[in-house]
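In: with the input below, show me the fold.
(2 chains)
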Amino acid sequence: MNKALLFSMASLFLGACASERVVLLPSADGAPGAVAIRDKAGEIRLDQPYAAVKRTLDSNRVYQSSPQEVSERYGPTLAVLPQRPNAYILYFETGGNVLTPESTAALKAIRKEIAERPASEVLVIGHTDRVGSVDGNDKLSLKRAELIRAVLIESGVDAGKLETIGRGERDPLVPTADEVDEPRNRRVEINVR
Amino acid sequence: MIKVSKGAVSIERDGKKLAADVGAPVQVADRVRTGADGAVGVTLRDNTLLSAGPNSLIVIDKFAYDSVTQDGKMSVGVRKGTLAVASGRIAKRTPESVDFHTPTSILGVRGTEFVIEVEGEGDE
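Out: Okay, the predicted model is just below:
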């Protein structure tokens, strides 16, 4: 279907129906964000919190919405937005599979969160520093993740909730040159969603 | 996966209507529908959060995510009603691989949160 036809059908739709609206919300982590809305008339960019556009057949009206309007119009929708995922990082002693004492202690809070979240799912991601080969680090990172998986299952977490992967050295917390011994990159991230 | 489900919510898959209870998986090509008293919250594998308010019809047109490389793509349609979005890993890494669409527009996102509303009787 060509674009002109698609857009003329879209116009018929907006003609027959009422309107569409997009409201940009402040992001939970405070990072700047933006939404670009493309239609037959062109592109509208919203990049400030509560910037909004109401679109009807004849017009696109950009306006500043407010927390009050969002709460009145979208309260029931936002009330069921799922709980934010949470990430934990566990660290290993140099060159092996032994957790640091602090990380061993953190496992308790992680187990509690997995148990308390509705329909929780867990991604266990192993990482290495850049000492050694890429292949070797892929294997080591997966081994680290599997070790944590086993610890979680041992402590009563349902294996069906767990996905275990190794990202090797490709996603460092602290970027380094190759072959640098960087303890902060020898870690397992546990993402609970 | 469905994390929150209130009132009348169903998933339409392969012409069948399925219960959308907490813990039910959401798949590509699913249509998620809420009734007048319904609302539903879904978390996707890349940590995208979605929620739909009453009288909504949301379609998961595309979703793929490789958790090792973090490459992926997604496309979600709002046929009617309201959808709130808190974007996830794919939008952060490759925003050009993510879109949301309504009957008359396409939205691109830059790591953000927003609400889309489609008023009227649009449906199938």
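In: pLDDT below threshold where in the chain?
Out: Since no chain was named, I'll use chain A. Scanning chain A for pLDDT under 70 picks out A:1-17, A:95-96.
In: should've been chain B
Out: In chain B, residues with pLDDT under 70: B:121-124.
In: ok, the longest strand anywhere in it: who's next to it in the sheet?
Out: Taking DSSP state E as the criterion, chain B has its longest strand at strand B:72-86. Using DSSP bridges, strand B:72-86 pairs in its sheet with strand B:49-52 (antiparallel), strand B:57-65 (antiparallel), strand B:98-101 (parallel), strand B:113-118 (antiparallel).
In: right, and the helix or strand after the third one?
Out: Put plainly, it is strand B:98-101. Sequence-wise, the next helix or strand downstream of strand B:98-101 (DSSP states H and E) is strand B:106-110.
In: by how many degrees do that following strand and strand B:113-118 diverge?
Out: Counting by axes from the mean of the first three to the mean of the last three CA atoms, to 10 degrees, strand B:106-110 lies at 170 degrees to strand B:113-118.
In: do a quick rundown of the strands in chain A.
Out: All strands of chain A, identified by DSSP E, fall at A:20-25, A:34-39, A:42-46, A:51-55, A:60-64, A:86-91, A:122-127, A:162-166, A:187-192.
In: partner strands of the last one, with direction?
Out: Pointing back at strand A:187-192 there. strand A:86-91 (antiparallel), strand A:122-127 (antiparallel).
In: so can I have TSV of the strands of chain A showing distance to B:Ser105 and mean neighbour count?
Out: Where you see a C-beta, it was placed from the backbone N, CA and C, and this is true even at glycine. TSV is the format used below for these (distance: least, CB to CB, whole Å; neighbours: other CB atoms under 10 Å in any protein chain shown):
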stretch	distance to B:Ser105	mean neighbour count
strand A:20-25	7	24
strand A:34-39	4	20
strand A:42-46	9	15
strand A:51-55	7	21
strand A:60-64	9	13
strand A:86-91	33	16
strand A:122-127	33	24
strand A:162-166	34	19
strand A:187-192	32	21
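In: of all those strands, which lies closest to B:Lys16?
Out: strand A:162-166 (26.9 Å; CB to CB).
In: need the longest helix for chain A.
Out: helix A:134-154 (DSSP state H).
In: just how off-centre is stretch B:78-95 within its chain?
Out: Distance of stretch B:78-95 from the chain centroid (CA atoms, centre = their mean, to the nearest Å) equals 7 Å.
In: for it, how far is the first residue from the last?
Out: One end of stretch B:78-95 sits 19 Å from the other (CA to CA, to the nearest Å).
In: for it, buried residues please.
Out: The neighbour-count check on stretch B:78-95 (16 or more other CB atoms under 10 Å in any protein chain shown) flags B:78-92, B:95 as buried.
In: then stretch B:92-105?
Out: Residues of stretch B:92-105 classed as buried: B:Lys92, B:Pro95, B:Ser97, B:Val98, B:Asp99, B:Phe100, B:His101, B:Thr102, B:Pro103, B:Thr104, B:Ser105 (neighbour count, 16+ other CB under 10 Å).
In: again with stretch A:73-80
Out: Of the residues in stretch A:73-80, those buried (16+ other CB under 10 Å) are A:Arg73, A:Tyr74, A:Pro76, A:Thr77, A:Leu78, A:Val80.
In: can I get it in PDB, CA atoms only?
Out: C-alpha atoms of stretch A:73-80 as PDB (Å, rounded to 0.1, in the frame of the first residue of the first chain):
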ATOM      1  CA  ARG A  73      -7.200  11.000  32.400                       C
ATOM      2  CA  TYR A  74      -4.700   8.200  32.900                       C
ATOM      3  CA  GLY A  75      -4.900   7.300  36.600                       C
ATOM      4  CA  PRO A  76      -6.300   3.800  36.100                       C
ATOM      5  CA  THR A  77      -3.800   3.100  33.300                       C
ATOM      6  CA  LEU A  78      -0.700   4.300  35.300                       C
ATOM      7  CA  ALA A  79      -1.900   2.500  38.400                       C
ATOM      8  CA  VAL A  80      -1.300  -0.900  36.800                       C
END
